[in-house]
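A.B. asks: coordinates for the following, if possible.
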Amino acid sequence: MMLEELQQLKPLITLGKTDEALLLIDELEEMGKEEKINKIHHYCVLLLIHLIKQSVENHVDHSLEVSIRNAIAAINRTNRRLKTGNTYLAKEQVMEILIEAYDQALDNASLEAFGGIYDAIALGMGKMIDRDSILDHALQLILA
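C.D. replies: Sure thing, here's the model as predicted:
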């Protein structure tokens, strides 16, 4: 999809259609940001799955630690602007994505934790985990 827009851009500039070219550039920027948000969401789901499993099973193994570190690194790499070193998403926006990703992560974690004997409702509603502390911990890890 993005390739089509790039191919349309050069003729617009050549023909002096600056307003149309600027609109297309805005659209390209939005598409790029949306792609970054989708990737960050994906890695937030992975991070939360591992943090939920760690919390409910009350143990840490090397594999889980590595998976958590890898998810954090992927989130930060995707969120970092290459030229300036700043981020695409502010702290509040990252928290919004974590909140959006939580239910999906809980569903997936229920398949893995304790061999899958508890469903997401039992894990989430049964006071086995504290949603807010998991989300806060995830954000702290990402921002560290």
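A.B. asks: going by residue numbers, what spans are helices in the chain?
C.D. replies: Applying DSSP state H to the chain gives helices spanning 2-14, 18-57, 62-79, 91-112, 120-125, 131-143.
A.B. asks: what's the first-to-last distance across stretch 5-21?
C.D. replies: Length of stretch 5-21, first residue to last, CA to CA, to the nearest Å: 10 Å.
A.B. asks: now that stretch: mean pLDDT?
C.D. replies: The average pLDDT within stretch 5-21 is 85.
A.B. asks: quick one, phi psi at residue 83?
C.D. replies: Main-chain torsions, residue 83, degrees, to the nearest 10: phi -70, psi -40.
A.B. asks: count of neighbours near the closest residue to residue 112 other than its chain neighbours?
C.D. replies: Closest residue to residue 112 apart from its sequence neighbours, by CB to CB, 6 or more residues apart in numbering: residue 53 at 5.8 Å. All C-beta spots, glycine's among them, are computed from the backbone N, C-alpha and C. Residue 53 has 24 neighbours, counted by other CB atoms under 10 Å.
A.B. asks: which stretch in the helices of the chain is the model least sure about?
C.D. replies: helix 120-125 (a mean of 70).
A.B. asks: right, and residue 104 touches residue 45 too?
C.D. replies: Yes. Look at residue 104 against residue 45 with CB atoms under 8 Å: they come within range, at 5.3 Å.
A.B. asks: got a markdown table for the helices of the chain, with distance to residue 85 too?
C.D. replies: Formatted as a markdown table, the helices of the chain follow (distance: least, CB to CB, whole Å):
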| stretch | distance to residue 85 |
| --- | --- |
| helix 2-14 | 24 |
| helix 18-57 | 15 |
| helix 62-79 | 11 |
| helix 91-112 | 16 |
| helix 120-125 | 37 |
| helix 131-143 | 15 |
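A.B. asks: picking that back up, ok, now which ones touch the residue nearest to residue 112?
C.D. replies: Applying CB atoms under 8 Å, 6 or more residues apart in numbering to residue 53 gives the contacts 64, 109, 112-113.
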